[in-house]
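# sequence isn't available, so here's the structure alone:
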């Protein structure tokens, strides 16, 4: 499985490099900030999900390249903005200074904006059938907007601070939007690249919904149990900022138990597809077992 992941990562990195090269003639400082945000590492989980889903259902890698790069560009933009002083106010990302620290706040805001628009340019100009391109644009737009990632971030900000409390249902909704929506979109983008039917997309979406929640619970646990050097970002920030997290709400053991329930749900969703989805299932396990 790791061999495939490395191939897909290399394809994604090459696609990202090409995409950034298309805007290299713009303002140099802005372009440098965009490159800093995108090319300094990262798990590449979302593009890996695109490729693993697409391959499982018979698509050529070329059919998934634009979507894989686009979803990573949106993810990168979200991290740039998430790290800003007005949001989570972090100085470390992927083991490097965050964009607003390495450059300045205004450049970071513009870099995030430019990465987002570049993502949609990639999809709009992808060498795919027009109907597939349109569906991909709609999928990514919905996942990253007010009813998806941005809305989830707004809920997260509202739920942060001393004396603020939310229940488990509200926390799950928050993270289904902030973290889960883009992970679900990645799987859907891969399914669209492969041209699968609606029933198959629905089952894949069940897998991805469980994955999105599991990914966030693991993040919450790592913020407590990990260290900044391994994580590549500041550990302990959730407690320091009085953030709503699964361990804070239900405890460490219950959070770990919830991970196992979600793992079983992911396996159940993928079971009908057999060995073809083994790389996709392995990515799901990585989300639960990762140390960074």
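That came through fine. Keep in mind the model is a prediction, meaning the values are calculated, not measured.
# ranges for the helices of the stretch 101-250 of the chain?
Per DSSP state H, counting those that start in this stretch, the stretch 101-250 of the chain carries helices over the ranges 105-124, 130-144, 149-158, 168-175, 181-194, 198-225, 228-231, 237-240, 246-250.
# now do the fifth one against helix 168-175: the angle between them, please.
Same thing as helix 181-194. 50 degrees (axes from the mean of the first three to the mean of the last three Cα atoms, to 10 degrees).
# ok, the third one next?
Relative orientation of helix 149-158 versus helix 168-175 (the same axes, to 10 degrees): 130 degrees.
# three-state assignment of residue 291?
Classification of residue 291 by DSSP: H, G, I helix; E, B strand; the rest coil places it in coil.
# and it, how far from residue 214?
Per Cβ to Cβ, to the nearest Å, residue 291 is found 15 Å from residue 214. Any C-beta I mention is one placed from the backbone N, CA and C, and that applies to glycine too.
# in terms of neighbours, single out the busier of these two.
residue 214 (25 against 10; other Cβ atoms under 10 Å).
# quick check: closest non-adjacent residue to that one.
residue 262 (4.1 Å; Cβ to Cβ, 6 or more residues apart in numbering).
# is it true that that neighbour touches residue 212?
No: using Cβ atoms under 8 Å as the test, residue 262 is too far from residue 212 to be in contact (9.3 Å).
# what about the two, which has more around it?
With neighbours defined as other Cβ under 10 Å, residue 262 and residue 212 compare such that residue 212 has more, 25 against 22.
# who's in contact with the nearest residue to residue 57 once chain neighbours are set aside?
Among residues not flanking residue 57 along the chain, residue 194 sits closest, at 3.7 Å (Cβ to Cβ, 6+ apart). Going by Cβ atoms under 8 Å, 6 or more residues apart in numbering, residue 194 touches 53-54, 56-59, 63.
# cool, residue 182 as well?
Neighbouring residues of residue 182 by Cβ under 8 Å, 6+ apart: 46, 71, 74-75, 78, 143-144, 148-149.
# quickly note the distance from it to residue 143.
5 Å.
# try residue 11
For residue 11, the distance to residue 143 - Cβ to Cβ - is 22 Å.
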